[in-house]
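S.K.: take this sequence and fold it.
(one chain, ligands or ions: 1)
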Amino acid sequence: MAAGGLLATLPLGGARAARVLIVGGGAAGVAAAAALRRHRPETAVTLVDRHPGRDAAALTRHGVAVYRDEIGDLDWASGTALGAHGGGYGFDRLVLAPGVVFETAGIDGYDTRAVDALGAFWSGPEDEARLMRRVAALKDGATAVVTVPPRPYRFESGPYLRAARIAGRLGRRGKVLLIDANPRLPGGVAVPAGVERIVAPVVAVDSRARRVITPNGRFGGDLVNLIPPQSAGPLARRAGLTGADGWCPVDPASGRSRLRGEAFVIGDATDRLDKTAAAAVLQGRVLSESLG
Ligand SMILES: Cc1cc2nc3c(=O)[nH]c(=O)nc-3n(C[C@H](O)[C@H](O)[C@H](O)COP(=O)(O)OP(=O)(O)OC[C@H]3O[C@@H](n4cnc5c(N)ncnc54)[C@H](O)[C@@H]3O)c2cc1C
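M.R.: Take a look at the predicted model:
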């Protein structure tokens, strides 16, 4: 993997963007980079991620320049994304795929202790196995609490699937409470067997007592899994690409930002409701036709 630094400026070739910079090497960013290399081999593709995973690193074999760096800001005038160590990455087209960030400011008492005591386990599918290991260690007859943030959020059906799995693991003697901020269930989702659903937003936490606090009461358990409210990753906001709801408005056909024509946003950070890896990969793949 190459080290960060100022990238050489390449000449623009014809009408097509010669340099495409992708920030974010998750499902969306990796799919976009791979599709661009396949369908537009003349385009120089650079991908920057603060922690490039195996899929992102593997892109170097296909001619993508992959950098480990944190993009802190963007200089639109010169077409440069600014890295954490002073380096810059030039672009003709920018693709942001920064995922989501937890919005915990509205939850009273949510501090670093709460992060540990009421863990979210909500980065991706690998978190499910980590959480289920904790569930497996619970004693017979235990109570688990899972909270559902206000929609939209990453993987809409996920908290309900998770509650079902936990209920299955705890069996008849255990108890699962699902504290759901949304009055209505998502389409195609039912309250899982063995799960009690309470419609109420989490407004505060008591992490010492392992409890969440809602206008309808306090709910605690042997395991509390607080999935916080979410919005587009912070770089999207700094770049001026988020709307008042915290998500990036895009043209759904192309991924082009409705707030800045030279930028594209794909994956969970957009205002699309389908925030899954499957949707992110599709958006990444169609991007090569939309970039211009
Ligand atoms: C428990 C769970 C289970 C799931 N199961 C499924 C499933 O079965 N099927 C499915 O389709 N989806 C599933 N999903 C949803 C899926 O994980 C997400 O929709 C998908 O990961 C979104 O991809 P993304 O590329 O938009 O964001 P991410 O995968 O979050 O990638 C964003 C990347 O951007 C990087 N980044 C952000 N900001 C910067 C910056 N400033 N500088 C540098 N790098 C930056 C981050 O390091 C990160 O690597 C699940 C999600 C969860 C939580």
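
S.K.: around the ligand, pick out the residues from this protein.
M.R.: If contact is defined as Cβ under 6 Å from any ligand atom, the residues of the chain in contact with the ligand are 23-29, 48-51, 70-71, 97-99, 122-125, 127-128, 154-155, 158, 233, 235, 267-268, 275-278, 280. Quick note: C-beta positions are derived from backbone N, CA and C, even for glycine.

S.K.: the stretch 51-200 of the chain: helices as residue ranges?
M.R.: Under the criterion DSSP state H, counting those that start in this stretch, helices of the stretch 51-200 of the chain are mapped to 54-58, 112-117, 126-136, 158-170.

S.K.: buried subset of the residues of the chain next to the ligand as a ChimeraX selection?
M.R.: Here is the ChimeraX command that selects the buried residues among those (16 or more other Cβ atoms under 10 Å):
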select :23,24,25,26,27,28,29,48,49,71,97,98,99,122,127,154,155,158,233,235,267,268,275,276,277,280
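
S.K.: which residue, other than its chain neighbours, is closest to residue 245?
M.R.: residue 271 (7.1 Å; Cβ to Cβ, 6 or more residues apart in numbering).

S.K.: what's the neighbour count on the one you found?
M.R.: Residues within reach of residue 271, counting by other Cβ atoms under 10 Å, total 17.

S.K.: tell me the spacing between it and the ligand.
M.R.: Taking Cβ to the nearest ligand atom, to the nearest Å as the measure, residue 271 and the ligand are separated by 13 Å.

S.K.: that residue contacts residue 243, doesn't it?
M.R.: Yes - the pair formed by residue 271 and residue 243 meets the contact definition of Cβ atoms under 8 Å, at 6.7 Å.

S.K.: any residues in contact with both of the two?
M.R.: Shared contacts of residue 271 and residue 243, defined by Cβ atoms under 8 Å, 6 or more residues apart in numbering, comprise residue 249.

S.K.: now do the contacts for the residue nearest to residue 245.
M.R.: Shown in contact with residue 271 (Cβ under 8 Å, 6+ apart): 152, 243, 245, 247-250.

S.K.: ok, residue 75 next?
M.R.: Taking Cβ under 8 Å, 6+ apart, one finds 81-82, 88 in contact with residue 75.

S.K.: are any of the contacts of residue 271 buried, and which?
M.R.: Neighbour counting with 16+ other Cβ under 10 Å marks 152, 247-250 as buried within the contacts of residue 271.

S.K.: want to throw the residues you listed into CSV with distance to residue 60?
M.R.: Converted to CSV, these look like this (distance: Cβ to Cβ, whole Å):
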residue, distance to residue 60
152, 33
247, 31
248, 28
249, 33
250, 28
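
S.K.: about what we covered before: the contacts of residue 75 in strands, which ones?
M.R.: By the criterion of DSSP state E, membership of these in strands covers 81-82, 88.

S.K.: quick check, nearest of the residues you listed to the ligand?
M.R.: Minimum distance to the ligand across the ones in strands among the contacts of residue 75 is 8.5 Å, recorded for residue 81 (Cβ to the nearest ligand atom).

S.K.: picking that back up, want to throw the helices of the stretch 51-200 of the chain into TSV with mean pLDDT?
M.R.: Below are those laid out as TSV (pLDDT from 0 to 100):
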stretch	mean pLDDT
helix 54-58	96
helix 112-117	92
helix 126-136	96
helix 158-170	97
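
S.K.: now the closest residue to the ligand within the stretch 1-150 of the chain, nearest residue through space, not along the chain?
M.R.: Each residue of the stretch 1-150 of the chain has a distance to the ligand, by Cβ to the nearest ligand atom, and the smallest belongs to residue 26, at 2.1 Å. Here the nearest residue to residue 26 in space, its sequence neighbours aside, is residue 99; by Cβ to Cβ, 6+ apart that works out to 5.5 Å.

S.K.: adding distance to residue 287 and pLDDT, write the contacts of residue 271 out as JSON lines.
M.R.: Listed next are these as JSON lines, based on distance: Cβ to Cβ, whole Å; pLDDT from 0 to 100:
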{"residue": "152", "distance to residue 287": "21", "pLDDT": "98"}
{"residue": "243", "distance to residue 287": "21", "pLDDT": "98"}
{"residue": "245", "distance to residue 287": "23", "pLDDT": "97"}
{"residue": "247", "distance to residue 287": "18", "pLDDT": "98"}
{"residue": "248", "distance to residue 287": "14", "pLDDT": "98"}
{"residue": "249", "distance to residue 287": "17", "pLDDT": "98"}
{"residue": "250", "distance to residue 287": "11", "pLDDT": "98"}
